[in-house]
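Trainee: My questions are about this predicted structure, shown below with the sequence.
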Amino acid sequence: MVKELTGGAGVDLVLDMVGGDYIPRDVEALAVEGRLVQIAFQQPSRIEFDFLPMMIKRLTLTGSTLRPRSVAQKAAIARALHEQVWPLLAAGKVRPIIYQTFPLNEAAAAHALMDSSKRIGKIMLDCR
């Protein structure tokens, strides 16, 4: 799906909060000279990984977490996000991929879909 949406180029950045078997998929989705930032783990942090695609695409793999940072550092990150990212969202230059929306009374089905890992994008609950 990512290749279709980007005309085969891939994306410049993946923020992965899942880990595990998502990591090879992240690498596949990245464009040449793209960046993968591991920001959390819902699956194992240890995997078997083929570094050849990373080398061929000249990718940067790194990690970050907010938990050990000071309140002042977190506040600075929030300000930068507000100044640099929110305008991109407001202008429609960056947008989330919505995979499927469920009414609130179908939250269990939405959760089952999330657990299946058979989607790319966000699962939304409509609370109206």
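Mentor: That came in fine, so what should we check first?

Trainee: element containing the residue nearest to the spatial centre of the chain, please.
Mentor: The centre of the chain sits closest to Leu15, judged by Cα atoms, centre = their mean, with a distance of 3.8 Å. Assigned by DSSP states H and E, Leu15 falls within strand 11-16.

Trainee: and if you look at Ala109?
Mentor: In the assignment (DSSP H and E), Ala109 maps to helix 107-116.

Trainee: What lies in contact with that helix?
Mentor: With contacts defined as Cβ atoms under 8 Å, 6 or more residues apart in numbering, helix 107-116 is touched by 100, 102, 119, 123, 125. All C-beta spots, glycine's among them, are computed from the backbone N, C-alpha and C.

Trainee: just wondering, since we're on the residue nearest to the centre of the chain, how far is it from Pro53?
Mentor: Using Cβ to Cβ, to the nearest Å, one gets 19 Å for the distance from Leu15 to Pro53.
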